[in-house]
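K.L.:
the sequence and its predicted three-dimensional model are supplied below.
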Amino acid sequence: MKIIGAALEHDVHVAGLVHFLHLAEEAGHVTINLGPAVPLARLLDEAHRTGADLIAVSYRLTPEVARTLFARMKKALPAHALQKAIFVFGGTPPVAAEAKRSGLFQQVFSGEEPVEEIQAFLSGKKGKLRGSVPPQTLEGRVRARAPFPLIRHHFGLPSLEETVAGVTRIAESGVLDILSIGPDQNAQESFFRPKEMDVEKDGAGGVPLRRPEDLARLYAVTRRGNHPLLRCYAGTRDLLRWAEMLTQTIHNAWGAIPLFWYSELDGRSSRPLAEAISENLEAIRWYAQHQIPVEINDVHQWSLRYAPDAVAVADTWLCAYIAKSLGIGVYVAQYMWNTPPETTATNDLGKMLAQKEMVESLREENFRPMHMIRSGLMLFSPDPAVAKGQLATSIALALELEPSIVHVVGSSEADHAARPEELIESVKIAQGVLRTLRDDRPRWSQDARVQARKEELLREARILLDAIRTFGSTAQDPFLDPAVLVKVIERGIFFAPHILHRMTKDFPFQTTTQAGCCRSANSEDAKPVSEEERLQWMGLA
């Protein structure tokens, strides 16, 4: 197809036009750029002379002037024999609105569209992203959106009606690929035991789901817009019943199951640790049997509690190994950045690259990891302007992992749970980062300091995993044995300052965040120690 484009009359802004024509060339079209401030008569004459199939009109100035310009254009068209040509407009949203009202253009772009929508139009797939239902499986949707990652956000307001209205608006906006429903704490712990709920805590931390029909209702109102995938936080007990219900009501995109957490360890449930680990493993098996992807949302819980970075890296491998061993095919590996918040960008990237390498070491045809990045909750400032900058920079750095999913955390989270408009805005900030850095970006992962930290963490994480193998040598597989995993906590192979009540009596270690990373340290003088030195004291090295 031959495409001719111009910025009309006194408009000298051509950046958007040039971008459109570059995308057209990538799609295999021949383009002619007439440049800025092109008189209307010249554009129409050149379009006729060259036999253009598509005429791209750009105008970014005053909407009122544009209205008059479009009226002139409509009158001039019959004299130029361009009846078979396609007219496309690009400009600011107010001028784009006038272009739509003019009836002249088959397609109008306002700059608010994702670039893949323009690419779809130029490749003859107009309407594929809007107006039709995208794939409704995680792997299918990832393939359809490539090379862009999917975008996920969590959502749950203190009332069901507010949440239904918000979910409806979010789906209609079309900005989100995956919507995670966040139930309140009553639902997470006592959904199947309503008599145990504390009514004073209704709506605390999320939406008060009380019946399966509530979930089904949320799914129904998302069957619009771009039909986002839905998923929901796992319960903190009765995980098998949660898994069955979520599959039936919202077609859960993937299950998110902890390994050590949602237990007496963190207080989000009263489950004894051994019971919690056993139940968690059974839930993972259930998802594997039903061929549903799984995320073991465990690793960031350690870093949120200031565990040594090496523990987080070791736990990354442990969780992926468990998922693979229990039959999970598609594994969602989540990487929470900025945690603890004292972590510097260089050390954070080294840590995350080490975690990704641990997961990738297990990849096979029947075990296909998907990498999901997210900003850390403790990163954000209560000042909304500062938080938006933090959100953008966190995502920009995290793109070094080449993720399949970007889990956006609303920039308002340091002050309050994101409302629909704040969620949409935060997702658009993420989209802006992706558009800017998709094609070319500096490779920060090649920095020598980043690589040194990655290698240091891989070495220390392997020392911890070897200690578990040795410690649990009598078990058939120590990494799958709940009794061994309980001892991993009680003996302090995995530890965090916030859970020292679970450690061996007089456990002499804390952690320090000196120099922008989190390391084990002696409790007496806060001097950093290596994981090998720590395990030697414990008699496990």
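P.N.:
Everything's here; your move.
K.L.:
which residues are in contact with the closest residue to residue 176 other than its chain neighbours?
P.N.:
The shortest distance from residue 176 to any residue that is not its chain neighbour, by C-beta to C-beta, 6 or more residues apart in numbering, is 5.0 Å, and that residue is residue 228. Placement of C-beta: from N, CA and C, glycine included. Contact partners of residue 228, counting by C-beta atoms under 8 Å, 6 or more residues apart in numbering, are 170-171, 176-179, 222.
K.L.:
confidence score at residue 228?
P.N.:
Reading off the confidence values, residue 228 has pLDDT 97.
K.L.:
what's the pLDDT at the residue of the chain most remote from its centre?
P.N.:
When distances are taken from the C-alpha mean of the chain, residue 79 lies farthest, 52.1 Å away, according to C-alpha atoms, centre = their mean. In the prediction, the pLDDT value recorded for residue 79 is 85.
K.L.:
what does residue 122 give?
P.N.:
Predicted confidence (pLDDT) for residue 122: 91.
K.L.:
neighbours of it, just the number please.
P.N.:
Other residues lying near residue 122 total 22 when counted by other C-beta atoms under 10 Å.
K.L.:
just the contacts of residue 228: which are in strands?
P.N.:
When these are checked against strands using DSSP state E, the ones located there are 178-179.
K.L.:
which one of the contacts of residue 228 is nearest to residue 391?
P.N.:
The shortest gap between residue 391 and any of the contacts of residue 228 belongs to residue 176, at 15.2 Å (C-beta to C-beta).
K.L.:
pLDDT below threshold where in the stretch 1-150 of the chain?
P.N.:
125-131 (pLDDT under 70).
K.L.:
which residues in it form strands?
P.N.:
Along the stretch 1-150 of the chain, counting by DSSP state E, counting those that start in this stretch, strands occupy 2-7, 30-33, 54-58, 86-90, 107-109, 150-155.
K.L.:
residue 101: which of these is closest?
P.N.:
Minimum separation from residue 101 across those (C-beta to C-beta) falls at strand 107-109, 9.8 Å.
K.L.:
paired strands for the closest one, with orientation please.
P.N.:
Looking at strand 107-109 with DSSP bridges, its paired strands and their directions are strand 86-90 (parallel).
K.L.:
tilt between the partner strand and strand 54-58?
P.N.:
Taking axes from the mean of the first three to the mean of the last three C-alpha atoms, to 10 degrees, one finds strand 86-90 and strand 54-58 inclined to each other by 20 degrees.
K.L.:
hmm, who's touching strand 86-90?
P.N.:
Counting by C-beta under 8 Å, 6+ apart, the neighbours of strand 86-90 from elsewhere in the structure are 16-17, 20, 53-59, 96, 99, 104-111.
K.L.:
mind listing what's buried in it?
P.N.:
Of the residues in strand 86-90, those buried under the neighbour-count criterion (16 or more other C-beta atoms under 10 Å) are 86-90.
K.L.:
and stretch 237-248, by the same measure?
P.N.:
Taking 16+ other C-beta under 10 Å as the neighbour-count basis, stretch 237-248 is seen to contain the buried residues 237-239, 242-243, 245-246.
K.L.:
from residue 497, how far off is the residue farthest from the centre of the chain?
P.N.:
Spatial separation of residue 79 from residue 497 under the definition C-beta to C-beta, to the nearest Å is 79 Å.
K.L.:
swap in residue 88?
P.N.:
Using C-beta to C-beta, residue 88 is found at 59 Å from residue 497.
K.L.:
if we can go back for a sec, buried subset of the contacts of residue 228?
P.N.:
Buried members of the contacts of residue 228, counted by 16+ other C-beta under 10 Å: 170-171, 176-179, 222.
K.L.:
with distance to residue 302 added, can I get the residues you listed in a markdown table?
P.N.:
As requested, the buried ones among the contacts of residue 228 are arranged in a markdown table below (distance: C-beta to C-beta, whole Å):
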| residue | distance to residue 302 |
| --- | --- |
| 170 | 31 |
| 171 | 34 |
| 176 | 28 |
| 177 | 28 |
| 178 | 24 |
| 179 | 27 |
| 222 | 33 |
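K.L.:
return the member of these nearest to residue 393.
P.N.:
For residue 393, the nearest member of these is residue 176. The distance, counting by C-beta to C-beta, is 21.4 Å.
K.L.:
can you give me how far the lowest-mean-pLDDT helix or strand in the chain is from the chain middle?
P.N.:
Among the secondary structure pieces of the chain, namely its helices and strands, helix 115-122 has the lowest mean (mean pLDDT, DSSP states H and E), a mean of 84. Centroid displacement of helix 115-122 relative to its chain, using C-alpha atoms, centre = their mean, to the nearest Å, is 22 Å.
K.L.:
domains in this protein, as residue ranges please.
P.N.:
2-122, 463-537 (automatic domain parsing).
K.L.:
kindly check the end-to-end length of the longest one for me.
P.N.:
This stretch, domain 2-122, spans 12 Å end to end (C-alpha to C-alpha, to the nearest Å).
K.L.:
same deal with stretch 441-454?
P.N.:
The first and final residues of stretch 441-454 sit 21 Å from each other (C-alpha to C-alpha).
K.L.:
so how far is that stretch from its chain's centroid?
P.N.:
When C-alpha coordinates are averaged (C-alpha atoms, centre = their mean), stretch 441-454 and its chain have centres 22 Å apart.
K.L.:
same check on stretch 144-157?
P.N.:
Taking the mean of its C-alpha atoms, stretch 144-157 sits 6 Å from the chain's own mean (C-alpha atoms, centre = their mean).
K.L.:
chain neighbours aside, what residue packs nearest to residue 63?
P.N.:
Taking C-beta to C-beta, 6+ apart, and ignoring the residues beside it in sequence, residue 63 has residue 94 as its nearest neighbour in space, at 4.4 Å.
K.L.:
so that neighbour makes contact with residue 65?
P.N.:
No. The pair residue 94 and residue 65 fails to qualify as a contact (C-beta atoms under 8 Å) at a distance of 11.3 Å.
K.L.:
I'd like to know the average pLDDT value across the helix or strand containing residue 520.
P.N.:
With elements delineated by DSSP states H and E, residue 520 resides in strand 519-522, which encompasses its position. Strand 519-522 shows a mean pLDDT of 95.
K.L.:
same for that strand, what does it pack against?
P.N.:
Other elements packing on strand 519-522 under the criterion 3 or more C-beta pairs under 8 Å, 6 or more residues apart in numbering; DSSP states H and E are helix 309-325, strand 509-512.
K.L.:
okay, those, which one's buried deepest?
P.N.:
For the helices and strands packed on strand 519-522, average neighbour numbers computed from mean count of other C-beta atoms under 10 Å are highest in helix 309-325, which has a mean of 25.
K.L.:
now do the helices in the stretch 151-300 of the chain.
P.N.:
160-173, 185-190, 212-221, 239-250, 273-289, 299-304 (DSSP state H, counting those that start in this stretch).
K.L.:
so which other helices or strands are in contact with the last one?
P.N.:
To tie it back to what came earlier, the one meant is helix 299-304. On a contact count with 3+ C-beta pairs under 8 Å, 6+ apart, helix 299-304 meets helix 309-325, strand 330-336.
K.L.:
now that helix - C-alpha only, PDB.
P.N.:
Coordinates of the C-alpha atoms in helix 299-304 are reproduced here as PDB (Å, rounded to 0.1, in the frame of the first residue of the first chain):
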ATOM      1  CA  VAL A 299       9.900 -15.200  47.900                       C
ATOM      2  CA  HIS A 300       8.900 -11.500  48.400                       C
ATOM      3  CA  GLN A 301       7.400 -12.400  51.800                       C
ATOM      4  CA  TRP A 302      11.000 -13.000  53.000                       C
ATOM      5  CA  SER A 303      12.300  -9.700  51.600                       C
ATOM      6  CA  LEU A 304       9.400  -7.800  53.100                       C
END
